[in-house]
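**Student:** Next come a sequence and a model predicted from it.
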Protein chains: 2
Amino acid sequence: NHIVVTGFGTSGNEAVLELIARGTDPREIVVIDPSEKALGDAEALGCNVLCGDSTRDRTLKDVAIHRARTLIVSAGRDDTSILITLTARHLAPRLPISIVVRNEDNELPARQAGATTVINPVSFAGLLLAGSTSGRHLADYMADLAASSGQVRLNQRPVMPQEIGGPLSGITTGLGVRIYRGERPIGFWEAESRSLQTGDVIIEIVEQAPPPSTNDPI
Amino acid sequence: NHIVVTGFGTSGNEAVLELIARGTDPREIVVIDPSEKALGDAEALGCNVLCGDSTRDRTLKDVAIHRARTLIVSAGRDDTSILITLTARHLAPRLPISIVVRNEDNELPARQAGATTVINPVSFAGLLLAGSTSGRHLADYMADLAASSGQVRLNQRPVMPQEIGGPLSGITTGLGVRIYRGERPIGFWEAESRSLQTGDVIIEIVEQAPPPSTNDPI
Ligand SMILES: [Ca+2]
Ligand SMILES: [Ca+2]
């Protein structure tokens, strides 16, 4: 039930730092990279490391990919990242795989290769830049939603039994913004959001708990 | 009242595409870049273009920076982008400036140089990657919030006179998530959000209007 991070460049490094900031034990993280230098940085954070080529079955088997909780792929090159995704999907049919791609044309191939989440930093930056022209707080609010720092956090969770039949607007854990009913997204303004059903997945904005005091700077 | 985009690499290009997708007339966008090739792409989108070095006062004066609505800076190198920001801030003290930086260490200097919005694509990707491990819909919801495509949009607007005294939860234009009272952010759960005041700025999630039919693909 570990997290495998393959590629420890800037994005991979940032992801690991954020996972640790969210309370993930670094010993539950396995970092794979062909560079000993990068692995030294990962080890310094307390992660497990493996020097190798993640496009090989062997490497992914060595980190027990079929038992992993999730895989983060950010190999620096889209072709490499997509091949890693294909390899991992073959070995672990149900594994959640998040991949970083740099080229918009590779977003669809990444999904076809089996990625469950595709992140394009450049494209996202463009969206945030454009958004910032209609309000200077928007990019900051987006960053707060995404980061463990700040005041709020975007959260995904299953509906709770006592919420069934009630409206999304009635949940008490946060501000409900969307339901996924199967794969179908339902907005807070839609009639179907007025009655939560068994199996619904809720996306909510939650007031952020202060970080655990053990992580506080001394 | 035009938008100046300096640097037409991938992020700048994406920002312009998104601005146009949001309904900005490309003739209101001025793109500055030292590369004629890049400017050709911008011209093909209908933008005004200027070949030049945006770190020079002269170049920014040539695009009437003091009358611009906003400036987007994505020069590809952090040092160049920060120098452009400093130059523009000097020429236009109240201009909103959004800047892309690649290195986390440069976020603070970018703000000190006068940027009103600082976007770090790599850092954001790390946040989204980490977030995706706790829910596979989270990155998609974030992308929907940021993009003109999809079902929702994050919106910033001033409080309306008829809303004064009422609660943030009572607004009817969208789902209110935060108030800025001066520079202070107030969350939807805070007591102060129960009475909107003159001058408040509201951050809300709005149901996305379908794009104008003139922009529909044929
Ligand atoms: Ca946060
Ligand atoms: Ca959207």
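**Tutor:** Nice, I can see it. Ligands and ions are numbered 1, 2, ... in the order given.

**Student:** pLDDT score assigned to whichever residue of chain A sits closest to ligand 1?
**Tutor:** Relative to ligand 1, the nearest point of chain A is A:Gly150 (3.4 Å; C-beta to the ion). All C-beta atoms are positioned from the backbone trio N, CA, C, and that covers glycine. pLDDT for A:Gly150: 94.

**Student:** Show me what from chain A comes close to ligand 1.
**Tutor:** A:Asp144, A:Ala147, A:Gly150, A:Arg153 (C-beta under 5 Å from the ion).

**Student:** Show me the helices in chain A, by range?
**Tutor:** A:10-21, A:36-44, A:57-62, A:78-91, A:107-112, A:121-132, A:138-146 (DSSP state H).

**Student:** Taking chain A, what residue is nearest to ligand 2?
**Tutor:** A:Leu127 (8.8 Å).

**Student:** contacting residues for that residue?
**Tutor:** B:Glu14, B:Ala15, B:Glu18, B:Ala143, B:Ala146, B:Ala147 (C-beta atoms under 8 Å, 6 or more residues apart in numbering or on different chains).

**Student:** at 10 Å what do you get?
**Tutor:** A:120, A:139, A:142, B:11, B:14-15, B:17-18, B:21-22, B:119, B:142-149 (C-beta atoms under 10 Å, 6 or more residues apart in numbering or on different chains).

**Student:** Grab the nearest non-local neighbour of it.
**Tutor:** Spatial nearest neighbour of A:Leu127, excluding adjacent residues (C-beta to C-beta, 6 or more residues apart in numbering or on different chains): B:Ala146 at 4.0 Å.

**Student:** So that neighbour sits against B:Leu154, correct?
**Tutor:** Yes - with contact defined as C-beta atoms under 10 Å, B:Ala146 reaches B:Leu154; the gap is 7.0 Å.

**Student:** residues bridging contact with those two, i.e. touching both?
**Tutor:** A:Gly131, A:Leu138, A:Ala139, A:Met142.

**Student:** Of these, which is the most crowded?
**Tutor:** For these, the largest number of neighbours (other C-beta atoms under 10 Å in any protein chain shown) sits with A:Gly131, at 28 neighbours.

**Student:** In contact with the nearest residue to A:Ile3 once chain neighbours are set aside: list those residues for me.
**Tutor:** Leaving aside its sequence neighbours, A:Ile3 sits nearest to A:Ile29 (C-beta to C-beta, 6+ apart; 5.0 Å). Counting by C-beta under 10 Å, 6+ apart, A:Ile29 makes contact with A:2-5, A:15-16, A:19-20, A:42, A:45-49, A:72.

**Student:** ditto for A:Arg69
**Tutor:** By C-beta under 10 Å, 6+ apart, the neighbours of A:Arg69 are A:Asn1, A:His2, A:Ile3, A:Val4, A:Thr24, A:Glu28, A:Leu95, A:Pro96, B:Thr133.

**Student:** Can I get these in a markdown table including pLDDT?
**Tutor:** Compiled in a markdown table, these are given as follows (pLDDT from 0 to 100):
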| residue | pLDDT |
| --- | --- |
| A:Asn1 | 90 |
| A:His2 | 97 |
| A:Ile3 | 98 |
| A:Val4 | 98 |
| A:Thr24 | 96 |
| A:Glu28 | 98 |
| A:Leu95 | 97 |
| A:Pro96 | 96 |
| B:Thr133 | 93 |
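
**Student:** Kindly supply the PyMOL command isolating those of these that are buried.
**Tutor:** Entered in PyMOL, the line below selects the buried ones among those, by 16 or more other C-beta atoms under 10 Å in any protein chain shown:
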select buried, (chain A and resi 2+3+4+24+28+95+96) or (chain B and resi 133)
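
**Student:** returning to what we had before: could you identify the most distant pair in the contacts of A:Ile29?
**Tutor:** Pairwise distances across these peak at 16.7 Å for A:Gly46 and A:Ile72 (criterion: C-beta to C-beta).

**Student:** more neighbours, these two?
**Tutor:** Per other C-beta under 10 Å, whichever of A:Gly46 and A:Ile72 has more neighbours is A:Ile72, with 28 against 13.

**Student:** wait, what's in contact with A:Asn48?
**Tutor:** A:His2, A:Val4, A:Pro26, A:Arg27, A:Glu28, A:Ile29, A:Val30, A:Val31, A:Ile32, A:Leu39, A:Ala42, A:Val63.
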